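[1] Structure for this input, please:
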Amino acid sequence: MAKNTSSKKEKSEKKQGNKIVKWFKDLRIEFKKVVWPTKKTVINNTSVVLGVIVASAVMVGLFDQGALALMRLIYNAG
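    Down below sits the predicted model:
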C-alpha cells in the first residue's frame, strides 16, 4: 500500500511540475506574440500624456483661483 501512495504522490508532483513548465513555455510563446511599440510611438504617447497632465493642472489651478476669488468676495462683502 505504501508504494501506491508514494507513486501517486510522485505522479501528482510530476503533473504539477509539468503544469509549471507548460505555463512558462506558454508564457514565452505569448511574449513572442507581443508587438512592442517603437521609440517614436513611446515618445509620442508620453508627450500626449504629459500635455494632458499639464493642461489639467492649469485648468484645476484656474478653477481654484476663481473659487478663491469668489470666496474672498463673499467674505469681504459680509
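[2] When you work out contacts or count neighbours from here on, use the C-alpha atoms and nothing else.
    OK.
[3] Pull out the buried residues from the strand or helix carrying residue 67.
    Per DSSP states H and E, residue 67 falls inside helix 39-77. Buried residues in helix 39-77, counted by 16 or more other C-alpha atoms under 10 Å: none are found.
[4] Need the phi and psi values for residue 34.
    Per-residue torsions, residue 34: phi -70, psi 130 (degrees, to the nearest 10).
[5] and it, how many neighbours?
    8 (other C-alpha atoms under 10 Å).
[6] do the same with residue 19
    12.
[7] and the gap between it and residue 27?
    For residue 19, the distance to residue 27 (C-alpha to C-alpha, to the nearest Å) stands at 12 Å.
[8] now residue 70
    58 Å.
[9] Low-confidence ranges, this structure, go.
    In the predicted model, the chain carries pLDDT under 70 at residues 1-14, 78.
[10] can you list the domain ranges for it.
    1-34, 37-78 (automatic domain parsing).
[11] mind checking how far the longest one is from the chain centre?
    Taking C-alpha atoms, centre = their mean, to the nearest Å, one finds domain 37-78 lying 24 Å from the centre of the chain it belongs to.
[12] cool, and stretch 26-36?
    18 Å.
[13] So for it, what gets flagged as buried?
    Buried residues in stretch 26-36 (16+ other C-alpha under 10 Å): none.
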